[in-house]
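Q: All I have is the shape, not the residue letters:
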Ligand code: C2O
Ligand code: CU
């Protein structure tokens with residue numbers, strides 16, 4: 001059997017896992033490829049290269065020796081006028097992207113990183129619904145990249161400067177010119193002023209780099225942070241606040257033994273891109289295996305999966321469930337008891353954990369069977385009498401029958417005609433193909449993702465919040481033979497935790513995943529893409545246009 005580049009790259013996680021890396025860290029996308037059709041492999045197939053430097057094995061690291069960092073809260077530096085809000089001054093924040101060094105673990109030498117305001121994760125931006133703010137995103141990075149750029153990827157050609165950046169607030173409803181469009185990147189020494197109207201419900205959003213063709217590298221370097229929107233309805237619910245409302249940004253990395261980031265590469269030095277990047281070291285707010293001292297009371301944790309490709313499968317070591325109160329775009333209709341929470345890249349879950357019965361004890365947050373964060377519950381007296389409300393907010397269901405358009409799009413992987421590089425495509429189209437999705441402002445549409453690949457892909461739309469309608473198995477052979485969408489079973493309703501507003505959805509292999517949304521927001525050009533960053537950088541991203549409403 002010919003082993004293709006794809007087969008090798010897909011098996012990547014397990015390949016490294018068998019070697020220098022402990023297999024504690026299960027790769028997300030390295031599932032068995034029951035659905036993928038074998039392709040004629042190119043004979044000179046590039047494979048995942050073995051790391052040239054020895055990597056840190058997680059087993060060798062002491063557990064729970066560093067306190068959990070809480071990212072600083074961003075402070076507005078001035079008040080500024082903006083033409084969109086005449087007669088008002090808006091708070092303006094300045095976020096400078098720069099290089100710095102930080103210890104990711106007590107026993108690991110300081111790591112060179114890029115971060116917003118020299119912090120990883122960056123400062124947390126606090127916003128209130130209906131109160132617009134400005135951020136000046138300043139690129140003060142070095143002029144050379146320190147991670148392996150693949151110049152074959154669209155938008156990362158040698159003719160472009162190596163270091164480019166542009167920030168997107170994931171989940172924010174913003175005008176197109178402030179959305180961090182991938183081609184709106186700028187170079188060190190430049191900055192952009194973006195307006196965030198915050199005309200949206202309370203939710204845990206996050207910001208990250210989005211520069212064309214190198215997003216995976218810029219985010220891996222550390223360009224991530226949390227953006228919290230609050231509103232009075234949520235505040236009236238009596239949920240934990242202040243020190244008891246904690247963002248937990250989860251990601252993973254590979255580190256060389258000298259503490260420096262290792263980003264995996266193929267064995268073709270001219271085409272280093274790999275299909276996935278699974279770290280073996282889990283990080284919570286930028287620390288490996290930290291601990292967090294808590295009071296014996298309720299806490300709200302805002303879980304964000306900011307990893308390149310890995311999913312997190314979270315549980316608590318004492319066997320008690322989380323109370324999930326929110327997903328990507330804010331509060332669920334009601335709080336849910338969940339023993340495990342699985343998050344794909346870019347997905348969020350807000351949970352309440354009550355430590356009241358655990359005074360003097362420890363509990364671990366686990367990813368699969370591995371403790372990644374230890375809670376140490378104080379014996380203190382700071383108790384709370386708050387009660388978690390059973391119902392949180394109304395999430396009226398969108399009726400798909402009222403949709404102006406029903407779009408059906410494939411997710412697929414392909415080797416190009418010359419047997420060259422593997423690409424990941426949305427509806428068989430590449431980034432530079434003409435725009436094909438052009439919803440009208442305020443109209444409702446349903447989008448169906450027909451997943452022809454062997455993996456689940458987390459699909460994200462900018463600008464809008466959506467609802468998951470259902471997932472339905474289909475006949476891949478009928479599709480491949482004559483593009484016929486033949487269902488092979490009943491539609492499966494979304495799970496209760498998917499009944500809130502979402503902005504990223506897991507599109508499972510062998511399934512048609514259907515979502516519905518209303519295109520609220522301003523007309524303009526946005527993007528939709530797979531949030532596996534390696535896929536997004538290699539064509540699994542498309543522009544889309546919101547057309548002005550009919551007047
Ligand atoms: Cu999290 Cu296009 O982004
Ligand atoms: Cu993907």
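A: Structure received. If you're wondering where the values come from, they're calculated on a predicted model, not measured in any experiment. Ligands and ions are numbered 1, 2, ... in the order given.
Q: Quick check: closest non-adjacent residue to the residue in the stretch 251-400 of the chain that ligand 1 sits nearest to.
A: The stretch 251-400 of the chain approaches ligand 1 most closely through residue 346 (4.7 Å), counting by C-beta to the nearest ligand atom. Backbone N, C-alpha and C define where each C-beta goes, glycine included. Distances taken as C-beta to C-beta, 6 or more residues apart in numbering put residue 531 closest to residue 346, at 4.0 Å, once the chain neighbours are dropped.
Q: burial count for the closest residue to ligand 1 within the chain?
A: The nearest approach of the chain to ligand 1 comes at residue 170, 3.4 Å away (C-beta to the nearest ligand atom). Residues near residue 170, counting by other C-beta atoms under 10 Å, number 24.
Q: Surely the residue of the stretch 251-400 of the chain closest to ligand 1 touches residue 458?
A: Yes - in this structure residue 346 lies within contact range of residue 458 using C-beta atoms under 8 Å: 5.9 Å.
Q: what sits in contact with each of those two?
A: Residues touching both residue 346 and residue 458 by C-beta atoms under 8 Å, 6 or more residues apart in numbering: 504, 531.
Q: Near residue 118, how many other residues are there?
A: As a burial measure, residue 118 scores 18 neighbours (other C-beta under 10 Å).
Q: What residues of stretch 336-346 count as buried?
A: By 16 or more other C-beta atoms under 10 Å, the buried positions in stretch 336-346 come out as 336, 338, 341, 343-346.
Q: Quick one: name the residues of the protein near ligand 1.
A: When proximity is defined as C-beta under 6 Å from any ligand atom, the chain approaches ligand 1 at 168, 170, 208, 210, 346, 460, 462, 527, 529, 531.
Q: Dihedrals phi and psi, the spatially most central residue of the chain?
A: With distances taken as C-alpha atoms, centre = their mean, residue 346 lies nearest the centre of the chain, 2.0 Å away. With angles defined as degrees, to the nearest 10, residue 346 sits at phi 80, psi -10.
Q: still on that earlier bit, isn't the residue of the chain closest to ligand 1 right up against residue 503?
A: Yes - with contact defined as C-beta under 8 Å, residue 170 reaches residue 503; the gap is 7.2 Å.
Q: Spatially nearest residue to residue 240 (excluding sequence neighbours)?
A: Nearest non-adjacent residue to residue 240, counting by C-beta to C-beta, 6+ apart: residue 300, 4.3 Å away.
Q: pLDDT below threshold where in the stretch 351-500 of the chain?
A: For the stretch 351-500 of the chain, applying pLDDT under 70 flags the ranges 382, 415-421.
Q: For it, which residues are neighbours of ligand 2?
A: Neighbours of ligand 2 within the stretch 351-500 of the chain, by C-beta under 5 Å from the ion: residue 457.
Q: quick one: contacts of stretch 386-399?
A: With C-beta under 8 Å, 6+ apart, stretch 386-399 has contacts from 201, 233-234, 237-240, 298, 323, 325-326, 330-335, 352, 444, 467, 499-501, 516-518.
Q: cutoff 6 Å now
A: 237-238, 323, 331-335, 352, 467, 500, 516 (C-beta atoms under 6 Å, 6 or more residues apart in numbering).
Q: next one: stretch 281-293
A: Stretch 281-293 is contacted from outside by 58, 63-64, 66, 68-69, 104-105, 120-121, 248-249, 251-253, 367, 372-376, using C-beta under 6 Å, 6+ apart.
Q: check contacts around the residue of the stretch 251-400 of the chain closest to ligand 1.
A: The neighbourhood of residue 346, defined by C-beta under 6 Å, 6+ apart, consists of 458, 460, 504, 531.
Q: can you pick the most crowded of these?
A: Using other C-beta under 10 Å as the neighbour criterion, residue 531 leads these with 26 neighbours.
Q: Strands of the stretch 51-200 of the chain, start to end?
A: Taking DSSP state E, counting those that start in this stretch as the test, the strands found in the stretch 51-200 of the chain are 66-67, 78-81, 89-102, 111-116, 122-128, 133-139, 167-170, 191-196.
Q: gap between the spatially most distant residue from the centre of the chain and residue 203?
A: For the chain, the C-alpha farthest from the mean C-alpha position belongs to residue 381; by C-alpha atoms, centre = their mean, that distance is 37.4 Å. Distance, residue 381 to residue 203, using C-beta to C-beta, to the nearest Å: 33 Å.
Q: what do you get for residue 328?
A: From residue 328 across to residue 203, the span is 7 Å (C-beta to C-beta).
Q: from the middle of its chain, how far away would stretch 94-112 be?
A: In terms of C-alpha atoms, centre = their mean, to the nearest Å, the centre of stretch 94-112 is found 21 Å from the chain centre.
Q: State the number of residues packed around the residue nearest to residue 240.
A: Residues lying near residue 300 (other C-beta under 10 Å) number 20.
Q: likewise residue 189?
A: As a burial measure, residue 189 scores 10 neighbours (other C-beta under 10 Å).
Q: Okay, buried residues for stretch 264-277 please.
A: Of the residues in stretch 264-277, 264-266, 268, 271-277 count as buried by neighbour count, 16+ other C-beta under 10 Å.
Q: Format these as JSON lines; extra columns: pLDDT.
A: Shown next, in JSON lines, are the buried residues of stretch 264-277 (pLDDT from 0 to 100):
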{"residue": "264", "pLDDT": "96"}
{"residue": "265", "pLDDT": "95"}
{"residue": "266", "pLDDT": "93"}
{"residue": "268", "pLDDT": "90"}
{"residue": "271", "pLDDT": "92"}
{"residue": "272", "pLDDT": "94"}
{"residue": "273", "pLDDT": "93"}
{"residue": "274", "pLDDT": "93"}
{"residue": "275", "pLDDT": "91"}
{"residue": "276", "pLDDT": "92"}
{"residue": "277", "pLDDT": "96"}
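Q: Save these as a markdown table, and put in distance to ligand 2 and secondary structure too.
A: Listed next are those as a markdown table, based on distance: C-beta to the ion, whole Å; DSSP: H, G, I helix; E, B strand; the rest coil:
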| residue | distance to ligand 2 | secondary structure |
| --- | --- | --- |
| 264 | 17 | coil |
| 265 | 19 | coil |
| 266 | 17 | strand |
| 268 | 21 | coil |
| 271 | 19 | coil |
| 272 | 19 | coil |
| 273 | 13 | coil |
| 274 | 13 | coil |
| 275 | 9 | coil |
| 276 | 9 | coil |
| 277 | 12 | coil |
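Q: tell me which of those residues is nearest to residue 52?
A: Distances from residue 52 to the buried residues of stretch 264-277, taken as C-beta to C-beta, are shortest for residue 265 (9.3 Å).
Q: where does this structure dip in pLDDT?
A: Within the chain, the segments meeting pLDDT under 70 span 1-46, 382, 415-421, 551.
Q: residues from it in reach of ligand 2?
A: Near ligand 2, when you scan the chain using C-beta under 5 Å from the ion, you find 457, 530, 532, 535, 540.
Q: who are the neighbours in contact with the nearest residue to the first one once chain neighbours are set aside?
A: Residue nearest to residue 457 in three dimensions, not counting chain neighbours: residue 530, with 4.5 Å by C-beta to C-beta, 6+ apart. Contacts of residue 530 were listed using C-beta under 6 Å, 6+ apart, and they are 457, 459, 536, 540.
Q: got it, and residue 408?
A: Residues in contact with residue 408 (C-beta under 6 Å, 6+ apart) are residue 448.
Q: Pull out the buried residues from the helix or strand hosting it.
A: According to DSSP states H and E, residue 408 maps onto strand 405-415. The neighbour-count check on strand 405-415 (16+ other C-beta under 10 Å) flags 409-415 as buried.
Q: go on, stretch 86-104?
A: Going by neighbour count (16+ other C-beta under 10 Å), the buried part of stretch 86-104 is 90-99, 102, 104.
Q: any idea which of those is the one closest to residue 427?
A: Using C-beta to C-beta, residue 97 comes nearest to residue 427 of the buried residues of stretch 86-104, at 33.0 Å.
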